[in-house]
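**Student:** only the shape, not the letters, is given here:
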């Protein structure tokens with residue numbers, strides 16, 4: 001049974017099965033809507049019971065998600081960790097430069113000596 005503090009927020013750690021999606025509820029609001037929870041794996045969209053802005057922590061990798069849907073149909077959006085910003089657009093490739101002049105032709109090689117004449121074949 002969750003303990004009630006200040007009659008506005010309930011702190012607990014009870015598992016909840018919401019339409020097949022199981023999570024560990026950490027806080028409820030006064031309307032008994034979940035405002036903070038954890039789960040193993042990615043949270044499931046279109047589940048009722050999560051307050052708008054509810055924060056879900058994945059216990060398998062530490063990723064955070066926020067409910068951007070409604071209390072009747074959750075829609076989970078990953079909260080960026082700020083580790084890296086967006087990659088900028090790739091710059092345009094510059095024009096190709098002109099082709100340079102052709103280099104000089106090298107010297108012709110020396111002609112070798114002519115070999116000896118072979119023997120004359122038989123007369124018919």
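**Tutor:** Good, I have the coordinates. This structure is a prediction, so every number in the text was calculated from the model and none was measured. Residues are numbered from 1 along each chain as shown.
**Student:** quick one: the closest residue to residue 27 other than its chain neighbours from residue 55, how far?
**Tutor:** The shortest distance from residue 27 to any non-neighbouring residue, by C-beta to C-beta, 6 or more residues apart in numbering, is to residue 36 (4.2 Å). Where C-beta positions appear, they are placed from N, C-alpha and C, glycine not excepted. Plainly put, residue 36 is 5 Å away from residue 55 if you go by C-beta to C-beta, to the nearest Å.
**Student:** and if you look at residue 123?
**Tutor:** The gap separating residue 123 from residue 55 is 112 Å, by C-beta to C-beta.
**Student:** neighbour count for the two, which is higher?
**Tutor:** residue 55 (18 against 4; other C-beta atoms under 10 Å).
**Student:** and that one, bridged to which residues?
**Tutor:** residue 36, residue 66 (DSSP bridges).
**Student:** which ones are touching it?
**Tutor:** The contact partners of residue 55, taken as C-beta atoms under 8 Å, 6 or more residues apart in numbering, are 35-37, 64-66, 79.
**Student:** no further queries at this time; thank you.
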